[in-house]
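Undergrad: curious how this folds, go ahead:
(one chain, ligands or ions: 1)
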Amino acid sequence: MEFFLDTANLDEIRAATQQGLVDGVTTNPTLLAREGGEWRYQAKRICEEVDGPVSLEVVGLTAAEMEREAEDLIGFGDNVVIKLPMTGEGLVVCKALTAKNIKTNVTLVFSAMQALLAAKAGATYVSPFVGRLDGLSQDGMQLIEQIRTIYDNYGFPTKILIASVRNPLHVLDGALIGADVATIPFSVIKQLVHHPMTDKGLEAFLKDWEAFAR
Ligand code: E4P
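TA: Numbering: from 1, shown residues only. Purely as a prediction, here's the structure:
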């Protein structure tokens, strides 16, 4: 399973990269806005620093606007993936960009049928938002299972990218189901690394060693 970092923060990207945990990055308008400053500069820096795909999202609503933005964004680096909303217009642009061999990530996916449509339009990645579904008392992971089954039934190459990850269980369940990628906030990366029994065991080893080696 590939790990993408769900962030626009360079310090987080550098820290997780040093741990060997960054296969790519996903950004969105909210994450870039959170960083403040000049978003174009920030997005280009991310593309330069990340050795892997970087999703940059369009904000236009019409196909013409999205295509114009996509043309601009692909100039930010060879690793740019154009993130498009799961709308009728977004699908038009997904199909057009796929025909030009430009990678796409169809985002804001909340149903298996939306995921099927994204795959039919040639999306490189599809982003089902599991945490937001859980927040509505729906089962985000059931959606991942459904999409996995549908893509396997028909041999769609579109990669399932679990988005809106809220906790380590989302990553575990996604890996067991066979999702291709999880895009993970840095806070959840830290939770994945940490285990209280590891801390306790380390403390005991060091205490015993200190008593022996003194
Ligand atoms: C995916 O690419 C999105 O950036 C992301 O996971 C958004 O999730 P959230 O806003 O629900 O945390």
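Undergrad: contacts, neighbours, all on C-alpha from now
TA: OK.
Undergrad: what sits up against stretch 160-176?
TA: Where contact means C-alpha atoms under 8 Å, 6 or more residues apart in numbering, the residues beyond stretch 160-176 that reach it are 1, 125-132, 141, 144, 147-148, 179-185, 188-189, 191-192.
Undergrad: the residue positioned nearest the centre of the chain sits in which helix or strand?
TA: What sits nearest the mean C-alpha location of the chain, by C-alpha atoms, centre = their mean, is Thr183, with 3.0 Å. Using DSSP states H and E, Thr183 maps to strand 181-184.
Undergrad: what helices or strands is that strand leaning on?
TA: With contacts taken as 3 or more C-alpha pairs under 8 Å, 6 or more residues apart in numbering; DSSP states H and E, strand 181-184 sits against strand 2-6, strand 159-162.
Undergrad: any idea how far the longest one is from the chain center?
TA: Read that as strand 2-6. Mean C-alpha position of strand 2-6 versus that of the full chain (C-alpha atoms, centre = their mean, to the nearest Å) differs by 5 Å.
Undergrad: counting by contacts, list what the next helix or strand after that strand packs against.
TA: Beyond strand 2-6 in the direction of the C-terminus, DSSP H and E gives the next helix or strand as helix 10-18. Counting by 3+ C-alpha pairs under 8 Å, 6+ apart, the packing neighbours recorded for helix 10-18 are helix 186-193.
Undergrad: got the contact list for the helix it packs on?
TA: Residues from elsewhere that reach helix 186-193 (C-alpha under 8 Å, 6+ apart): 5-7, 12, 16, 165-168.
Undergrad: in JSON lines: the residues you listed, plus distance to Asn101, neighbour count and pLDDT.
TA: Written out in JSON lines, the entries for those read as follows (distance: C-alpha to C-alpha, whole Å; neighbours: other C-alpha atoms under 10 Å; pLDDT from 0 to 100):
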{"residue": "Leu5", "distance to Asn101": "24", "neighbour count": "26", "pLDDT": "98"}
{"residue": "Asp6", "distance to Asn101": "24", "neighbour count": "25", "pLDDT": "98"}
{"residue": "Thr7", "distance to Asn101": "25", "neighbour count": "23", "pLDDT": "98"}
{"residue": "Glu12", "distance to Asn101": "30", "neighbour count": "15", "pLDDT": "98"}
{"residue": "Ala16", "distance to Asn101": "29", "neighbour count": "18", "pLDDT": "98"}
{"residue": "Val165", "distance to Asn101": "28", "neighbour count": "21", "pLDDT": "98"}
{"residue": "Arg166", "distance to Asn101": "32", "neighbour count": "16", "pLDDT": "98"}
{"residue": "Asn167", "distance to Asn101": "34", "neighbour count": "16", "pLDDT": "97"}
{"residue": "Pro168", "distance to Asn101": "34", "neighbour count": "16", "pLDDT": "98"}
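Undergrad: from these, which are also near the ligand?
TA: Counting by C-alpha under 6 Å from any ligand atom, Asp6 from the contacts of helix 186-193 sit close to the ligand.
Undergrad: name the nearest of the contacts of helix 186-193 relative to Leu117.
TA: Here the nearest of those to Leu117, counting by C-alpha to C-alpha, is Val165; it sits at 22.5 Å.
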